[in-house]
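J.: Pasting the sequence and the predicted model now:
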Amino acid sequence: MTLYCRYHVLEPADWRCQTCHIDYCSTCSPDPADEDSTIPRKCPHCKANLQPLAAAYNAPPFWQRLTAFLRYPFSPIAGVLMFLAFLVPLVAPEGVLLNLARLGFLLPLTVYLWAVFEKVAGGDVEPIGPKALMETAGRTPLPLYLGLMLAVLAGGAAFAVENYHFAGKVLVVVLMGLLPAVLIGVASSRSLGGGFSSSGVMNVLSCVGPVYLALFLLPNLLLGSLLAFVGLFADVLPDAVGQGLDMAAFTYVAITVFVLSAYVLFQFQEELDYTPEGSEGKRKQYKRLDPVQLQLEMLLKDGNYSKAVTLLRMDVDKKAASIAQHERYHKLIWALGQEADLLAHATPYFKALLQAGRGVQAAGVFRNLMQRYPEFKVAEPEVRLDLAMAFEQQGDFKLAVHILSGLHKDHAQYPGLPEAYLLAARLLAEQLAMPQKALALVQFLQGRYRNHRLSADINRMQADLARQLGQAPA
C-alpha cells in the first residue's frame, strides 16, 4: 500500500518517525548539507532519527501493472527467446535429442529469467539489455541450478499429466500456482533451499497474504488459455509446429511469471525482509527546501497559527531578510487578519520592496492596506516619500499626493519635508489641476524654510503658481 506524506498529501512518503508515527516525503526530510554525510535525517517535530520506508511503499500494487507484465515477453531479447523456443522442435528430431535440446534451451532461458527477476525485484520493469544479461551470467551460478530444478519439475509434471491424467493435471496446477512462491523464496533467501522447502514457501504465503490467490491463478489461467489456443490447430498443424507453439507458450508464461513474481517481491520486500541487489549505499537526491518554509507548512497544516506567525516574525526581523521572507509573513498575517502585525510590518516590507525595485508591488500592497484600513499611514517619512515617487512613476498622482498629505503633522522634524511637499505641490498643479492647493503647500514651505537649500525652488514655484492664479508674487 502506498503511504503518503502527512504534510504533502499528494507526495508518497519516504521516511517515518517511529516516535511521532508520522510519514514524511523527501521534501519534508531533505538531505544534510553535506551530500556525503552519514548524519541521519531527523524528525522535524521530535528530532528523532527518521526510518526510511522501502521503495515498495511508493509503487503501485502488482495487480495495477498486469498489462506491463503481459507485454514484457514481447521485448527484444524475450521475443528472440520465444522464437528460438518455437524453432527447437522444428530442428531437433523426436526422442532423446529433442529432450536434450529442450534442456539446453531451458538453461540459458533461466539465466535470462533470473537477470529479469533481479532487475524487476528492484522496482524497474523496463526490459533488460544484453549487458545486464551477461553480468548475471558471470556473477552467480544460481540461475543454472534453478534451471536444472525447473527442468526436473517440468519433466515430472509432464510425466504426471501423461500417466495420471486428472491427478497429474491437478498436480501441474498446484506446481504452477506455487511457482511464484518458489521464485520469491529463492530470491529472498538467495538460496535454492529457501524456495524449494515447505518452510520457505509457507513464509512467502504468509508474508504476501490473501493476494497470493491472484498469483496462484494467473499462471494457470495464462498457460491454460495459451495451450487451449494452440490446441485448436492441433489437427491441422504438423506435430513439430504444434510442439514449437507449445514451447513458445511455455516460454511466454515463464517470462510473465518471473516478472510478476519479481515485482511482488519488490512490493512486499519489507514483509519478506528483502533488500534488492545493489541498493545498499545508494543515495537518493532530495529536493532541498528552506527550513523555515518547511516548518511553516507543518505548523499551518497542524493549525498552529500563533507559532507560525511567531516563526515568521523572527524570520523577517533578521537584518538580511529577503523579499520572499517578507512576502511569506505578510501573506500569513493578512490571511489571519492580524491588524497590529500588518501595520507594524508594513514599513519594513515597503522598504524591502522599494530597495529591490519593486515599486509596482509596493503600490499594490499599499492599496490593499488602504482598502482594509482607511486610516493606515506608513510609519517612516522616508518610506512615504519613496512610495510617493513610486506612485508618480506609475501615474497614480492622486495616491502619491495622498500618502504625503499631513506629513508635517506626523513628522514635524523630518528633514526631507520640503522635498516631499514640493513633489506634492508639483503633482497638484501639473497633474491634478489643483493649483490653489499646490500654492498653499508652497506658501507653507516659504514660511517655515526661509533659509533652506531648496528655498530658490520653493520661491520659483510660488511665483509660477501665483501668476497662474492671477495673484501678485509674494
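T.: Yes, it's here. Numbers count the residues shown, from 1 in each chain.
J.: Count the residues that sit near Phe366.
T.: Residues near Phe366, counting by other Cβ atoms under 10 Å, number 24. The way it works is simple: take the backbone N, C-alpha and C, and place the C-beta from them, glycine included.
J.: How far away from the center of its chain is whichever strand or helix holds it?
T.: Using DSSP states H and E, Phe366 maps to helix 359-372. Chain-centre distance of helix 359-372: 35 Å, with Cα atoms, centre = their mean, to the nearest Å.
J.: Give me the helices and strands touching that helix, please.
T.: Helix 359-372 is packed against helix 339-355, helix 381-394, helix 397-404, with contacts defined by 3 or more Cβ pairs under 8 Å, 6 or more residues apart in numbering; DSSP states H and E.
J.: any chance of those helices in TSV, with distance to Ala463 too?
T.: Conversion of the helices and strands packed on helix 359-372 to TSV gives the following (distance: least, Cβ to Cβ, whole Å):
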stretch	distance to Ala463
helix 339-355	33
helix 381-394	23
helix 397-404	21
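J.: between the ones you listed, which one is nearest to Ala13?
T.: With distances scored as Cβ to Cβ, the stretch of the helices and strands packed on helix 359-372 nearest to Ala13 is helix 339-355 (34.3 Å).
J.: From the chain's centroid, how far away is the closest one?
T.: Here helix 339-355 is found 34 Å from its chain centre; the criterion is Cα atoms, centre = their mean.
J.: Extract the CA atoms of it and return them as PDB.
T.: The C-alpha atoms that make up helix 339-355 are tabulated as PDB, following Å, rounded to 0.1, in the frame of the first residue of the first chain:
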ATOM      1  CA  GLU A 339      -4.100  44.200  12.200                       C
ATOM      2  CA  ALA A 340      -1.300  45.100  14.600                       C
ATOM      3  CA  ASP A 341       1.200  42.800  12.900                       C
ATOM      4  CA  LEU A 342       0.200  44.000   9.500                       C
ATOM      5  CA  LEU A 343       0.700  47.700  10.400                       C
ATOM      6  CA  ALA A 344       3.900  47.000  12.200                       C
ATOM      7  CA  HIS A 345       5.300  45.000   9.300                       C
ATOM      8  CA  ALA A 346       4.200  47.400   6.600                       C
ATOM      9  CA  THR A 347       7.100  49.800   6.800                       C
ATOM     10  CA  PRO A 348      10.000  47.200   6.600                       C
ATOM     11  CA  TYR A 349       8.100  45.400   3.900                       C
ATOM     12  CA  PHE A 350       7.800  48.600   1.800                       C
ATOM     13  CA  LYS A 351      11.500  49.200   2.400                       C
ATOM     14  CA  ALA A 352      12.500  45.800   1.100                       C
ATOM     15  CA  LEU A 353      10.200  46.100  -1.900                       C
ATOM     16  CA  LEU A 354      11.400  49.600  -2.900                       C
ATOM     17  CA  GLN A 355      15.100  48.700  -2.400                       C
END
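J.: Just the angle for that helix relative to helix 381-394, thanks.
T.: Here the directions of helix 339-355 and helix 381-394 differ by 60 degrees (axes from the mean of the first three to the mean of the last three Cα atoms, to 10 degrees).
J.: The closest residue to Val360 other than its chain neighbours and Ala362: what is the separation?
T.: The shortest distance from Val360 to any non-neighbouring residue, by Cβ to Cβ, 6 or more residues apart in numbering, is to Gln394 (6.4 Å). Taking Cβ to Cβ, to the nearest Å as the criterion, Gln394 is separated from Ala362 by 10 Å.
J.: List the contacts of stretch 76-91.
T.: Outside stretch 76-91, the residues within contact range by Cβ atoms under 8 Å, 6 or more residues apart in numbering are 72-73, 98, 101-102, 105, 109, 112, 116, 127-130, 133, 240-241, 243-245, 247-248, 250-252, 255.
J.: no, scratch that, I was asking about stretch 457-469
T.: When contacts are taken as Cβ under 8 Å, 6+ apart, the neighbours of stretch 457-469 outside the stretch itself are 418, 422, 425-426, 429, 435-436, 438-439, 442-443, 445-446, 449, 452, 472-474.
J.: Only the buried residues of that stretch, if you could.
T.: Of the residues in stretch 457-469, those buried under the neighbour-count criterion (16 or more other Cβ atoms under 10 Å) are 457-459, 461-462, 464-466.
J.: just for the protein, where's the confidence low?
T.: Within the chain, the stretches falling below the threshold (pLDDT under 70) are 1-2, 10, 30-39, 54-59, 96, 136-164, 275-291, 472-474.
J.: Now Trp15. Nearest residue, chain neighbours left out?
T.: Closest residue to Trp15 apart from its sequence neighbours, by Cβ to Cβ, 6+ apart: Leu50 at 4.0 Å.
J.: Output stretch 91-102 as CSV, restricted to C-alpha atoms.
T.: In CSV, the C-alpha atoms belonging to stretch 91-102 read as follows (Å, rounded to 0.1, in the frame of the first residue of the first chain):
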residue,chain,number,x,y,z
VAL,A,91,15.3,-28.6,-35.9
ALA,A,92,15.7,-31.3,-33.2
PRO,A,93,14.4,-34.8,-34.0
GLU,A,94,12.0,-36.6,-31.7
GLY,A,95,13.3,-38.5,-28.8
VAL,A,96,16.3,-38.0,-26.6
LEU,A,97,17.8,-35.3,-28.8
LEU,A,98,14.7,-33.2,-28.6
ASN,A,99,14.7,-33.5,-24.8
LEU,A,100,18.3,-32.6,-24.6
ALA,A,101,17.6,-29.6,-26.9
ARG,A,102,14.8,-28.5,-24.6
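J.: From the chain's centre, how far out is that stretch? Work that out for me.
T.: Stretch 91-102 sits 54 Å away from the centroid of its parent chain (Cα atoms, centre = their mean).
J.: my read: Phe397 touches Leu427, true?
T.: Yes. Between Phe397 and Leu427 there is a contact at 4.7 Å, judged by Cβ atoms under 8 Å.
J.: out of Gln394 and Ala362, which sits in the more crowded spot?
T.: Shown here are Gln394 and Ala362; by other Cβ under 10 Å, Ala362 has more neighbours (23 against 15).
J.: how about the more buried one, what does it touch?
T.: Contacts of Ala362 were listed using Cβ under 8 Å, 6+ apart, and they are 350, 353-354, 387, 390.
J.: What subset of these is buried?
T.: Restricting the contacts of Ala362 to buried positions leaves 350, 353-354, 387, 390, with burial counted as 16+ other Cβ under 10 Å.
J.: what does the domain assignment say about the protein?
T.: For the chain, automatic domain parsing gives the domain ranges 1-53, 62-272.
J.: tell me the most buried of those domains?
T.: Of the domains of the chain, the one with the most neighbours on average (mean count of other Cβ atoms under 10 Å) is domain 62-272, at a mean of 17.
J.: Please state the offset of that one from the chain centre?
T.: What separates the centre of domain 62-272 from the centre of its chain is 35 Å, taken as Cα atoms, centre = their mean.
J.: how long is that domain from one end to the other?
T.: Distances were taken as Cα to Cα, to the nearest Å; on that basis the terminal residues of domain 62-272 are 16 Å apart.
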